[in-house]
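Student: here's a sequence, model it:
(one chain, ligands or ions: 2)
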Amino acid sequence: MKEKKYDYLIVGAGLFGSVFAHEMTKRGKKCIVIDKRKHLGGNVYCEEKEGINIHKYGAHIFHTNDKKIWDYVNQFADFNNYINSPLSLSKGKLYNLPFNMNTFYQLWGTKTPEEAKKIINEQIAEYGFKSPKNLEEQALSLVGKDIYETFIKSYTEKQWGKKATELPSFIIKRLPVRFTYNNNYFNDMYQGIPVGGYNTIIDGLLSGIETKTSVDFFEDRISLESLADKVVYTGKIDEFFDYKHGQLEYRSLRFEHELHTIENYQGNAVVNYNDASYAFTRIIEHKHFEFGKQNKTIITKEYPENWNRKKEAYYPINNDRNQSIFKKYKEESKLSKDVIFGGRLAEYRYYDMHQIIASSLTKVEEILKIERQ
Ligand code: FAD
Ligand code: UDP
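Tutor: Ligands and ions are numbered 1, 2, ... in the order given. Reported below is the predicted structural model:
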C-alpha cells in the first residue's frame, strides 16, 4: 500500500489541535493542521489593533492549579500577573464578583463573615434543595435567593437562552463563593495573560508545522482523509457523523467590537451586565488585561445568540437531552479507529483552556503507550 504523506491530519488549529500537533511533531510524526477559519488559534486567537490585543472570541484568562500545565504554557510565553476581578452591574449598582465579602457588603451591608453567613444560611434553609436537580435549585442551595435573583437568574437565562430550571447545575458551580474580601474570580494557584497575547503560544506550538487556514474538512473530506494515516478531529462531533443521531445544541455569541478615542472606558477588563434589560452579558475592555497605557481603547460587547449551522458553536449545552444524544456519538466514535476526537466541540464539554491542554496531552500519552505495546 502507498505510504501516506502525513501521520496525522489535524482538523482545527485551536489549543487541542495545536498541542497535539506540537507533541507528535516532537516525536518525529509528520503532521498537517487545517482550520476553516482565516487564522490559527481557534477561540484563543487575538487580533492586534492600536497596540491592543483584542480577544476576538471573548475574554480569555488563563488559570490552572496544575503546575505541569502551567509549566507547559510557560515554555511558549511569559505570563503577566493579571488577576480576573470582574464587576457586575445590576439594577443600577456595581458589585464585586465572584460572590465574596465585598459583594455581601454591597448587597446587605454585612461587615463580618458571620453576618453574611447568617443571611445566606437563612435563605438556603428557606429556598434551598437537598438534592438540586437544575441550575436554579443548585444556585438557591448554594447562595440563597437574593444573590440568585440579583446576579444569576437573568444573566444565566440570557447567556443560555433557556430557563435556569432547564439547565444543568454544574454550570453555576464554576463560580467561587467566599467569605473573605477577595475579588479573584478563580481559586487556582496560577493565573495570568500571556505577554504578547495568546497567538504567541499558538505560534510556538505550531512552529515548523505545516498549517492551512480557510480549509473546511467537510468540503473536501475524502481527499483530506487520504493524506494521513489518522485524523485528529476537534470540530462538532455531530457534524462529523452527519447528524445521524440528531442535532446537538450549542450556544452561539455575537461580538461587537468598538474603538473609543478615550484612554479608559470602564476602568476594568470585565464588567458583567446581569439585568435582562441589556441584551449583552458583558463588556470587555481589552487593554486592561495587559495594563495598557494607549490613548485609545477597544471594547467588546458579548451578545448570546441562538445557534444554527451557519454560526460558530461556542458552548455545548450539556442538559439531559443533549447528553443522551452525545452518548450515541461517543459510542460511534469508538468504532472510528483512525479518528481521534478531542476538544470542546468533539468532546462536547464545557472545558477551559488548561483542561483542553491536559486533555490533549493525555490523548498523546495514550496513543504513545499503545504504540509502545
Ligand atoms: P476551538 O478553540 O474551538 O478550536 C477548534 C477549531 O476547529 C476552530 O478553530 C474551528 O474553526 C476548527 N474547526 C471546526 N470544524 C472544522 C472543520 N470542519 N474544518 C476545519 N476546521 C474546523 N477558557 C479559559 O481557560 N479561560 C477563559 O477565560 C475562557 N473564556 C472563554 C470565553 C468564551 C466566550 C469562550 C467561548 C470560551 C472561553 N474559554 C475560556 C474556553 C476556551 O476557549 C476553550 O477551552 C479552548 O479554546 C478550546 O480549544 P479547542 O481546541 O477545543 O477548540
Ligand atoms: N453566571 C451568572 N452571573 C454572573 C456570572 C456567571 O449567573 O455574573 C453564571 C452563568 O450561568 C454562566 C456561568 O455562571 O454561564 C459560568 O460563568 P463563567 O463566568 O464561568 O462563564 P464563561 O466565562 O465560561 O462564559
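Student: hey, let's count contacts and neighbours off CA atoms from now on
Tutor: OK.
Student: mind checking the SS state of the residue of the stretch 151-300 of the chain found nearest ligand 2?
Tutor: At 3.2 Å from ligand 2, I152 is the closest residue in the stretch 151-300 of the chain, using C-alpha to the nearest ligand atom. The three-state label for I152, taken from DSSP: H, G, I helix; E, B strand; the rest coil, comes out as helix.
Student: isn't it right next to Y273, touching?
Tutor: No: at 10.8 Å, I152 does not count as touching Y273 under the criterion of C-alpha atoms under 8 Å.
Student: give me the more crowded residue out of the two.
Tutor: Between I152 and Y273, Y273 has the larger neighbour count (other C-alpha atoms under 10 Å), namely 25 against 20.
Student: what sits against I237?
Tutor: 329, 341, 345-348 (C-alpha atoms under 8 Å, 6 or more residues apart in numbering).
Student: of those residues, which pair is most distant in space?
Tutor: Maximum pairwise distance in the contacts of I237, criterion C-alpha to C-alpha, is 12.0 Å, between Y329 and L345.
Student: for the residue nearest to the spatial centre of the chain, give me the pLDDT.
Tutor: Using C-alpha atoms, centre = their mean, the residue of the chain that lies closest to the mean C-alpha position is D352, 4.6 Å off. On pLDDT, D352 comes in at 98.
Student: so what touches stretch 170-184?
Tutor: When contacts are taken as C-alpha under 8 Å, 6+ apart, the neighbours of stretch 170-184 outside the stretch itself are 83-86, 96-102, 113, 116-117, 135, 138-139, 143, 185-187.
Student: where along the stretch 1-150 of the chain do the helices fall?
Tutor: Under the criterion DSSP state H, counting those that start in this stretch, the stretch 1-150 of the chain contains helices at 15-26, 67-74, 101-108, 113-127, 135-147.
Student: do the third one and ligand 2 meet at all?
Tutor: By that I understand helix 101-108. No: contact of helix 101-108 with ligand 2 is not found when judged by C-alpha under 6 Å from any ligand atom; the minimum separation is 11.4 Å.
Student: for that helix, buried residues please.
Tutor: Within helix 101-108, the residues that qualify as buried by neighbour count (16 or more other C-alpha atoms under 10 Å) are 101-105, 107.
Student: what would these look like in JSON lines with pLDDT?
Tutor: Putting those into JSON lines (pLDDT from 0 to 100) gives the following:
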{"residue": "M101", "pLDDT": "98"}
{"residue": "N102", "pLDDT": "98"}
{"residue": "T103", "pLDDT": "98"}
{"residue": "F104", "pLDDT": "98"}
{"residue": "Y105", "pLDDT": "98"}
{"residue": "L107", "pLDDT": "98"}
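Student: distance to T165 for the residues you listed - can I get that in a markdown table?
Tutor: Converted to a markdown table, these look like this (distance: C-alpha to C-alpha, whole Å):
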| residue | distance to T165 |
| --- | --- |
| M101 | 27 |
| N102 | 28 |
| T103 | 25 |
| F104 | 25 |
| Y105 | 28 |
| L107 | 24 |
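Student: among those residues, which one sits closest to I325?
Tutor: Sorting those by distance to I325 puts T103 at the head of the list, at 39.3 Å, by C-alpha to C-alpha.
Student: wait, the closest one sits on L97?
Tutor: Yes: contact between T103 and L97 holds when scored by C-alpha under 8 Å: they sit 6.6 Å apart.
Student: hey, where'd the strands end up in the stretch 151-300 of the chain?
Tutor: Ranges of strands in the stretch 151-300 of the chain, per DSSP state E, counting those that start in this stretch, are 190-192, 210-212, 228-233, 250-260, 270-273, 282-285, 297-306.
Student: now, of those, which is deepest in the fold?
Tutor: Of the strands of the stretch 151-300 of the chain, the one with the most neighbours on average (mean count of other C-alpha atoms under 10 Å) is strand 282-285, at a mean of 25.
Student: how close does the residue in the stretch 201-350 of the chain that ligand 1 sits nearest to get to T110?
Tutor: Ligand 1 sits closest to G343 of the stretch 201-350 of the chain, with a gap of 3.2 Å, by C-alpha to the nearest ligand atom. Counting by C-alpha to C-alpha, to the nearest Å, the gap between G343 and T110 amounts to 43 Å.
Student: same question, E136
Tutor: Taking C-alpha to C-alpha as the measure, E136 and T110 are separated by 25 Å.
Student: quick one, which of those two is more surrounded?
Tutor: Neighbours were tallied for E136 and for T110 using other C-alpha under 10 Å; the higher tally belongs to E136 (26 against 18).
Student: so what's that one up against?
Tutor: For E136, the residues meeting the contact criterion (C-alpha under 8 Å, 6+ apart) are 148, 153, 164-165, 167, 169.
Student: what is the burial count for the closest residue to G51 other than its chain neighbours?
Tutor: Nearest-residue entry for G51: Q294, 7.3 Å, with adjacent residues in sequence omitted and distances by C-alpha to C-alpha, 6 or more residues apart in numbering. Q294 has 14 neighbouring residues, counting by other C-alpha under 10 Å.
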